[in-house]
Structures are given as C-alpha cells and as structure tokens.
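Q: Give me the fold of what follows.
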Amino acid sequence: MKSGFVAILGRPNAGKSTLLNALTGEKVAIVSAKPQTTRNRIAGVVEVPARKGVHPAAQIVFVDTPGVHKPGSHLDRRMLQEVYEALETRDVVLVLMDATRRVQLEEAAAPTDKLDSASGHDLSRAASQEEPSGALAPAEKAVATPASSKKHERTNWASEDEFLFGLIRKLDCPVFLLLTKIDLVPKDHLLPLIDTLTRQFSFAQIIPVSARKRDGLDILTRKIVEALPVGERYYPKDQYTDQPQRFMVAELIRESILVETGEEVPYASAVVIEQFEEPKPFIPRKKGAVPARPPLTRIAAAIYCERDGQKAILIGKGGAKLKEIGTAARRQIESLLGTRVYLELHVIVEPNWRESKAFVESLDWRNQLERLAGDQITKKANEEDDSA
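A: Residues are numbered from 1 along each chain as shown. Okay, here's the model as predicted:
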C-alpha cells in the first residue's frame with residue numbers, strides 16, 4: 001500500500017478546513033466565515049481502498065494548517081510556526097487558492113509550462129519529471145532554515161500570496177495547485193487565473209475543486225495516491241484524526257464563539273477545557289425495565305479574552321450571549337461524543353494573552369496532553385505515598 005503526509009497550505013478563508021472535512025467525511029476542523037479560524041496543525045486521516053488497475057490501497061494523512069497571514073502577535077507567529085512544522089514532514093503539498101478573490105502576485109519574469117486547456121474540466125496534468133523551479137538540493141530538503149530562524153518571522157512581505165509562493169519554491173516534493181470554491185465563479189474565469197499562477201511556479205497538478213459540492217475530490221485523491229511513496233499506515237484503520245476529544249471539544253466551543261460574536265472578540269478568545277468527566281460504562285437494564293437515559297459527559301471550560309469589554313460581550317445581558325454560545329456548542333459536542341453533555345462555561349480576562357509566549361504555548365493540545373500525563377503521574381505517586 002501507499003501512505004504519506006499531505007500538507008494543506010493557503011491564505012485565510014481559502015477553504016482549507018472545509019476541504020479537510022469533505023475529504024475525511026467527518027468534522028475534523030471547525031469552520032467559520034472569519035479568517036484565522038484554524039490555529040493549530042490538524043490531521044485528518046483518509047483510508048483509500050485499492051482500485052484494480054488504477055491504484056493500490058493507501059492511507060493519506062492530510063495536515064490542515066493555519067492560513068498564511070502577516071503575524072501581528074505572538075499567537076500569529078505561533079500559527080505561522082505551525083505551517084513550517086507541517087512542511088518539515090510532508091510527501092505532497094496542496095496549495096489552495098480561492099478562485100473568487102484577486103491574487104496579489106508580482107508578474108513572473110518568464111512563464112513556466114503552459115496549461116493544456118484540452119485536458120477537460122479537471123484541468124489536471126501529469127506530474128513533471130523535473131523538480132519544480134527553486135527546488136532545494138538534497139541536503140536542504142523541506143524548509144531551508146530552522147523553524148526558530150528570524151527569517152521565518154519576516155513581516156515585510158509584498159503580499160501574503162507572495163510569501164506563500166516563496167514557501168513552496170523551497171520544497172522538493174510534488175506541489176498541487178487547488179483552485180477552491182469553483183462553484184461560485186464562471187468556468188471561463190479559471191483559465192486566466194491558472195495562467196497567472198503557473199507563471200509563478202510549475203505545479204505537479206492543477207485541480208479545481210468545490211468541497212461543498214465534492215467536485216474534483218475523487219480526481220484529487222487519485223492524483224495524491226499516485227504521488228505518495230509505498231509505506232505502512234501511520235494510524236489505525238478506523239482513526240480519522242490525531243486530535244484528542246478534549247481539544248475537539250474546545251474547538252467546537254471556539255467555533256460557537258466565532259459564529260455568535262463579532263469584531264475583535266473571536267480573535268481575542270481562547271478556550272481551555274478545565275474538566276472533562278467521561279461517563280461511566282453503560283449498563284443495559286433488565287428486560288421490561290424503564291430504558292436508561294444516555295450517559296452524561298460533564299465538561300467545564302474557560303473562555304479567555306483580553307479586556308473587560310470583551311468579557312461583557314461574551315456574557316451578554318443577563319448571561320444571554322454565554323448561554324447562546326453554550327447551547328450551540330453543546331449540540332455539536334453531543335454529536336461528537338454520542339452522549340448527553342452538561343457544559344459549564346465561564347469567562348476569564350487575561351490581558352494581552354496573545355503576546356504571552358507561555359500562555360499561547362499552553363493552548364497547544366500536545367502540550368496540554370503532556371501536562372495531563374504529568375499530573376496523572378504525580379497523582380498516582382501521591383496516592384502510593386499515602387497508602388505506604
């Protein structure tokens with residue numbers, strides 16, 4: 001079989017999370033109309049069955065990344081760091097460009113390979129046998145400089161599109177161009193856009209897609225499998241994401257904040273799960289007894305913001321807004337967990353938390369898992385000391 005990691009790159013609102021959810025068939029990443037919704041690397045695992053005469057079975061690990069944008073805070077820089085880390089281990093890269101918006105790129109000095117417009121609706125083409133222009137030498141694979149380099153913190157980009165193309169020119173793996181949201185634009189709008197983009201980079205594949213209508217996704221999957229190396233599964237066959245449930249619950253609460261609030265509040269908000277009490281194993285009742293209610297998961301979460309005014313908006317008059325946020329989030333969480341959910345929310349003001357390195361790092365679910373594991377070890381040690 002084949003297996004590998006596929007990094008998904010794009011500017012904010014390019015449709016990365018919507019694409020990831022469509023490919024996995026699960027709600028792996030939260031989605032909203034607001035930019036910078038994704039803050040962490042999120043993996044979605046797709047099992048592709050073998051197709052006789054077409055391709056072998058494969059496991060594709062899609063890695064959604066935060067949208068590429070100019071960093072204005074430590075949180076923004078940490079989000080950009082997530083992009084670099086995703087590029088350090090990848091076999092294929094997907095660059096998503098929103099077909100509905102204007103691309104801000106300087107004109108290339110000379111065009112790359114011309115697109116064959118006779119290739120049909122998918123506008124895809126066979127992978128080039130040559131490395132993309134600007135590919136790294138073998139000793140300089142992936143990102144040329146360490147993730148901590150000052151070069152990674154550049155803020156004087158000509159445009160975010162320019163920076164995005166600067167990233168992919170450093171790669172030595174197949175790079176696919178995906179034109180997203182094609183259901184929202186006339187087809188004759190795509191060819192000029194493709195011509196502009198292919199003057200900047202020689203893509204291995206060019207595939208227009210609509211995640212909402214699932215248009216182009218089968219072609220995309222097939223082309224990815226062709227490009228992946230032979231290998232073993234990275235995740236169990238029935239696992240569709242690397243995220244723990246605690247993090248997914250926190251993200252669903254944050255999604256509700258994104259939907260229910262406006263202006264600066266969504267960007268200044270963070271969610272931390274303080275209590276996650278899983279239900280006891282379900283024990284069926286005897287025949288003829290009153291059916292038992294579904295098990296109950298108890299969750300307590302803190303919503304952090306930066307100013308008292310933001311806290312007032314999140315709570316609302318008489319707590320009405322916080323109730324709306326909690327009700328919407330609880331429905332989503334119940335769907336995720338398959339249990340009833342008791343959700344308790346409270347709001348905490350943490351001034352300027354987006355500039356606090358320690359606080360931003362604490363939001364990473366990988367760091368949260370390490371702390372939880374450490375707390376469990378300490379608790380067990382204390383219990384052993386008490387019983388000694």
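Q: so which strand or helix has Phe276?
A: Using DSSP states H and E, Phe276 falls within strand 270-277.
Q: Identify each buried residue in that strand, please.
A: Using 16 or more other CB atoms under 10 Å as the test for burial, strand 270-277 gives Ala270, Val271, Val272, Ile273, Phe276. (Glycine included, C-beta is placed from N, CA and C.)
Q: State the next helix or strand along the chain beyond that strand.
A: Downstream of strand 270-277 (by DSSP H and E), the next one is strand 296-305.
Q: and the angle from that following strand to strand 270-277?
A: Strand 296-305 and strand 270-277 meet at an angle of 160 degrees, taking axes from the mean of the first three to the mean of the last three CA atoms, to 10 degrees as the criterion.
Q: neighbours around Gln332, how many?
A: 19 (other CB atoms under 10 Å).
Q: in the stretch 101-250 of the chain, what spans have low per-residue confidence?
A: 107-157 (pLDDT under 70).
Q: can you give me the helices in it?
A: Assignment of helices within the stretch 101-250 of the chain using DSSP state H, counting those that start in this stretch yields the ranges 160-168, 190-198, 217-227, 245-260.
Q: Can you list the helices and strands that the longest one packs against?
A: Counting by 3 or more CB pairs under 8 Å, 6 or more residues apart in numbering; DSSP states H and E, the packing neighbours recorded for helix 245-260 are strand 270-277, strand 296-305, helix 320-337, helix 365-387.
Q: looking at the ones you listed, which is closest to Ala43?
A: Among the helices and strands packed on helix 245-260, the nearest to Ala43 by CB to CB is helix 365-387 (11.6 Å).
Q: Please list all residues in contact with Gly53.
A: Not one residue lies near Gly53 by CB atoms under 8 Å, 6 or more residues apart in numbering.
Q: Tell me both backbone torsions, phi and psi, for it.
A: Main-chain dihedrals, Gly53, degrees, to the nearest 10: phi 80, psi 0.
Q: Point to the residue nearest the middle of this structure.
A: The centre of the chain sits closest to Asp64, judged by CA atoms, centre = their mean, with a distance of 3.2 Å.
Q: Distance check, that residue against Val225.
A: Note on Asp64: its distance to Val225, by CB to CB, to the nearest Å, is 19 Å.
Q: What of Gly4?
A: Counting by CB to CB, the gap from Gly4 to Val225 is 9 Å.
Q: joint contacts of those two?
A: Ile60.
Q: Can you pick out the residue with more neighbours from those two?
A: Higher neighbour count among Gly4 and Val225: Val225, with 24 against 21, using other CB under 10 Å.
Q: ok, that one touching Glu47?
A: No - using CB atoms under 8 Å as the test, Val225 is too far from Glu47 to be in contact (11.2 Å).
Q: what residues do the two have in common as contacts?
A: Residues touching both Val225 and Glu47 (CB under 8 Å, 6+ apart): Ala58.
Q: In stretch 66-75, which of the residues would be classed as buried?
A: Neighbour count says stretch 66-75 has Pro66, Gly67, Val68, His69, Pro71, Ser73, His74, Leu75 buried, by 16+ other CB under 10 Å.
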